[in-house]
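Student: sequence and predicted structure, then a few things I'm wondering about:
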Amino acid sequence: AFKRILDQLQFADGGGITINHPVWSKQKFEETVEMLDFDPRVLGIEIWNHTCERINHKGWALELWDKLLTTGRRCWGFSVSDHVHQSGPDFLGYNVLLIDAGTPAPQLPQACLKAYRNGQFYCVLQGDVRFESIQLIGDSLQVETNLPCAMRVISATGVVSEQSGTHLEWQLPTEQKERARRQYLRLEADQLQG
């Protein structure tokens, strides 16, 4: 099935396959790894699925995502409402694509699909928080948000930094052995008001 899907992508340089609701589907870790390893255009997993959360409280897949990231694989995380958006306006879950604001309308579909392919997006459940900037400057991770948040930097060793406000700065360990233990970094931000 993956080969047939990939053979029919709308654009060669954008889009791909997502592994949907892996927790609800009771997907084994080894099966997920096999799917991710099939082709680089298998982009990642749904880390949040609102429909699954409503049906059986199995909407989150953060534990699986962290386990996959610990293997050193590239695995994007997607946040979706699934079918809930059709039955009510209170659905949670969407992806914010980071594309050039000056992209002409006819080029938007390809630009959006390229953003997904390249991991140029972040997941949102709800609210008004937006990342203004996420940069790695030297050994310093620097994050700016538009509103005050409780922010967490997470790695294979767990939460490595927690800060509140509109700015987070965290220094990566300088010792190579300590850096290697981290495997990956991901960021969470919870709006403090609202």
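Tutor: Cool, got the structure.

Student: run through the bridge partners of the residue nearest the centre of the chain.
Tutor: For the chain, G77 is the residue whose C-alpha lies nearest the centre (CA atoms, centre = their mean; 3.0 Å). Judged by DSSP bridges, the bridge partners of G77 are I45.

Student: how close does it get to Q193?
Tutor: From G77 across to Q193, the span is 25 Å (CB to CB, to the nearest Å). No exception for glycine: its C-beta is placed from N, CA and C like everyone else's.

Student: ok, the residue lying closest to E188 once chain neighbours are set aside - contacts?
Tutor: Excluding the flanking residues, the one nearest E188 by CB to CB, 6 or more residues apart in numbering is R152, at 4.6 Å. Applying CB atoms under 8 Å, 6 or more residues apart in numbering, we find R152 in contact with 159, 161-162, 187-189.

Student: buried ones in the host helix or strand of R152?
Tutor: If you go by DSSP states H and E, R152 is part of strand 140-155. Across strand 140-155, burial judged by 16 or more other CB atoms under 10 Å covers 141, 143, 145, 147, 149, 151-155.

Student: same question for stretch 16-28.
Tutor: Quick answer for stretch 16-28 (16+ other CB under 10 Å): 16-25, 27.

Student: what's the answer for stretch 46-60, then?
Tutor: Buried-residue list, stretch 46-60, by 16+ other CB under 10 Å: 46-54, 59.

Student: how far off centre is it?
Tutor: Relative to the centre of its chain, stretch 46-60 is centred 15 Å away, using CA atoms, centre = their mean, to the nearest Å.

Student: with stretch 89-107 instead?
Tutor: Put simply, stretch 89-107 sits 15 Å off its chain's centre (CA atoms, centre = their mean).

Student: mean confidence score for it?
Tutor: Across stretch 89-107, pLDDT averages out at 93.

Student: that stretch: end-to-end distance?
Tutor: 29 Å (CA to CA, to the nearest Å).
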